[in-house]
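what follows is a protein structure lacking sequence information:
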Ligand SMILES: Cc1cc2nc3c(=O)[nH]c(=O)nc-3n(C[C@H](O)[C@H](O)[C@H](O)COP(=O)(O)OP(=O)(O)OC[C@H]3O[C@@H](n4cnc5c(N)ncnc54)[C@H](O)[C@@H]3O)c2cc1C
């Protein structure tokens, strides 16, 4: 066994150091299955001290490393090159502290998002950001990706909910970011916010302090179906224009509805509708009652075919079941799923959806759409057979055009899934060399020798070296080198 691996085994024991090719298979990709690569090794630390000790060994050996939570990322963020060691943090899953008066919790990074809410539910509290993957994804992954979710329209993204963090830097030293009292101290740089969304390239968060929210007095969940996607999108515009801020505003298109209704996530959505719009309102009972009336009026004005409202918690669960299970349901459509993530201004949703349909038809790909309509955050999904190279190429080409469309409509190439390796080719749709140079300098302060999750999020020389197996991307990046 090579020296580094022997040292890791001495530190963690043989059960928590994986090196055989078979064992490493489960870590060869995340939810973006186009890019695959087995890491050099996977280690399973159980404490901050163990993470520090591993990172110090890797620093001494000048070996790159990649932090990983549950691996549900959809942009290749935790996928490691063959020379890198993965630090899988899923065994660090303790809720360390719950402060009910000050409304925060301190958690280890491997705590599953939904488990945190489950741990504080009896106190009338919850953790607000709710990615659709929340029953699996970790708070550490959410922090690194600045994840969103259906309820982030009203409550804000992960960045608005992380108050502080303990971070192991790439040389093995510890940094404390922020404070439970709030990270935005006058005169200081908000390092917590800077770390949030850095996709594992700034260090490894080993303790995260998050804001807890009190449950609202009243929650009302409504679902309307429409004969056209345009009507559904216009209803969203009307609701927001009326000054309402629903907790969630989610749209599913017909292809998604049909996939859901044919699956175990069946929710009783009308299969003949072109789109359904799920609206959740929360707040004081009287206010929510008035808002529900306004939402119903917007449904009617836009010709809703059918309106349903949950009358008890089980009904609410049913209405959400189809939305939360939509990606799972798409597993029925083909062997692989490419989940895209782009943003357009809310007022351009209709144009974007029409454009996406046209791009899908042009490339002959099977497209479904389920999206956070309130945020203009689109998720066009392409179901394809990853064993078919031509189908994969058509899928990637369609994805590229869709992201260009989002940018052309005044939006962006990612709302919440990050850049990872997936979008290295697309970053320059939004940023020029000067913009990227600033970002590279900021990263270099945290990660000076670029060993911490190299090749992610910013097109650079090391991105090329790490991802040599992704040739089209590499060739283009090498041609237009941007790293200062
Ligand atoms: C079905 C499905 C639905 C989804 N829905 C949503 C959604 O609604 N909203 C949304 O935003 N995303 C969504 N996602 C994407 C994904 O779940 C999120 O990006 C999530 O935050 C990833 O968490 P994870 O624990 O799986 O992290 P991983 O995938 O393991 O890692 C993600 C990134 O975080 C880094 N990282 C992980 N842990 C740490 C740490 N402790 N310190 C530093 N860096 C770390 C990794 O290096 C990697 O770059 C969805 C994914 C799936 C499969």
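Received, thanks. Everything quoted here is computed from the prediction, not taken from an experiment.

which intervals of the stretch 51-200 of the chain have sub-threshold pLDDT?
Using pLDDT under 70 as the threshold, the predicted model of the stretch 51-200 of the chain has low-confidence ranges 183-184.

show me what from it comes close to the ligand.
Neighbours of the ligand within the stretch 51-200 of the chain, by Cβ under 6 Å from any ligand atom: 66-74, 77-78, 89, 109, 131-133, 137-138, 140-142, 144-145, 147-149, 199-200. C-beta: built from backbone N, CA, C; applies to glycine.

restricted to strands, list those residues.
66-68 (DSSP state E).

circling back to that earlier point, in helices only, show me the residues of the stretch 51-200 of the chain next to the ligand.
When DSSP state H defines the helices, the subset of those inside them is 140-142, 144-145.

which intervals of the stretch 351-484 of the chain have sub-threshold pLDDT?
By pLDDT under 70, the weakly predicted segments of the stretch 351-484 of the chain are 461-484.

what segments of it are strands?
Listed from the start of the chain, the stretch 351-484 of the chain has strands (DSSP state E, counting those that start in this stretch) covering 366-372, 377-378, 380-384.

quick one: which of these is nearest the ligand?
Using Cβ to the nearest ligand atom as the criterion, the shortest distance between the ligand and the strands of the stretch 351-484 of the chain is 7.2 Å, found for strand 366-372.

which helix is the longest one in this structure?
Secondary structure assigned by DSSP H gives helix 389-408 as the longest helix of the chain.

chain center to that one: distance?
Averaging C-alpha coordinates over helix 389-408 and over its chain gives two centres that are 19 Å apart (Cα atoms, centre = their mean, to the nearest Å).

tell me the angle it makes with strand 380-384.
Counting by axes from the mean of the first three to the mean of the last three Cα atoms, to 10 degrees, helix 389-408 lies at 170 degrees to strand 380-384.

now helix 389-408: buried residues?
For helix 389-408, the neighbour count (16 or more other Cβ atoms under 10 Å) marks 391-392, 394-396, 398-407 as buried.

tell me, what residue is most central in this protein?
residue 417 (3.8 Å; Cα atoms, centre = their mean).

can you list contacts of stretch 439-446?
Residues outside stretch 439-446 that contact it (Cβ atoms under 8 Å, 6 or more residues apart in numbering): 169-170, 194-195, 198, 201-203, 431, 450, 452, 458, 460, 482-484.

what's the domain layout of the protein?
With automatic domain parsing as the criterion, the domains of the chain are listed as 3-88, 95-214, 218-328, 335-408, 432-479.

near the ligand, which residues of the stretch 351-484 of the chain?
Listed as neighbours of the ligand in the stretch 351-484 of the chain under the rule Cβ under 6 Å from any ligand atom: 416-417, 453.

now the residues you listed as JSON lines including distance to residue 302?
What follows is those, written out as JSON lines (distance: Cβ to Cβ, whole Å):
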{"residue": "416", "distance to residue 302": "27"}
{"residue": "417", "distance to residue 302": "30"}
{"residue": "453", "distance to residue 302": "45"}
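
residues in contact with the closest residue to residue 61 other than its chain neighbours?
In space, residue 61 comes closest to residue 4 once its chain neighbours are excluded; the distance is 5.0 Å by Cβ to Cβ, 6 or more residues apart in numbering. Residue 4 makes contact with 41, 57-58, 61, 63, 85, according to Cβ under 8 Å, 6+ apart.

mind listing what's buried in the host helix or strand of residue 4?
Secondary structure here is read from DSSP states H and E; on that basis residue 4 sits in helix 3-12. Residues of helix 3-12 classed as buried under the neighbour-count rule (16+ other Cβ under 10 Å) are 4-5, 7-9, 11-12.

can you tell me which of those are up against the ligand?
Restricting the buried residues of helix 3-12 to those near the ligand by Cβ under 6 Å from any ligand atom leaves nothing, as none qualifies.

need those residues in TSV with pLDDT, can you?
Converted to TSV, the buried residues of helix 3-12 look like this (pLDDT from 0 to 100):
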residue	pLDDT
4	96
5	97
7	98
8	98
9	98
11	98
12	98
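
where's residue 317 relative to residue 168, distance?
In this structure, residue 317 lies at 39 Å from residue 168, with Cβ to Cβ, to the nearest Å as the measure.

so these two - more neighbours on which side?
Neighbours per residue (other Cβ atoms under 10 Å) separate residue 317 from residue 168, with residue 168 holding more: 26 against 13.

hmm, the more buried one is touching residue 53, no?
No. With contacts counted by Cβ atoms under 8 Å, residue 168 stays clear of residue 53, the gap being 9.7 Å.

now which of the contacts of stretch 439-446 would you call buried?
169-170, 194-195, 198, 201-203, 431, 450, 452, 458, 460, 482-483.

now, which of the residues you listed sits nearest the ligand?
Where the buried ones among the contacts of stretch 439-446 are concerned, and distances follow Cβ to the nearest ligand atom, the ligand has its nearest neighbour in residue 203, at 6.6 Å.

confidence score at that closest one?
Per-residue pLDDT puts residue 203 at 98.

dump the residue contacts of it.
With contacts defined as Cβ under 8 Å, 6+ apart, the neighbours of residue 203 are 167-170, 175, 195, 446-447, 452.

one more time with 6 Å, if that's ok
Residue 203 makes contact with 167-169, according to Cβ atoms under 6 Å, 6 or more residues apart in numbering.

and residue 224, by the same measure?
For residue 224, counting by Cβ under 6 Å, 6+ apart, the contacting residues are 277, 299, 304, 307.

so how far is residue 298 from the last one?
It stands for residue 307. Here the distance between residue 307 and residue 298 works out to 11 Å (Cβ to Cβ).

so if I had to pick from these two, which one is more boxed in?
Here residue 307 and residue 298 are set side by side on neighbour count (other Cβ under 10 Å), and the busier one is residue 298, at 22 against 14.
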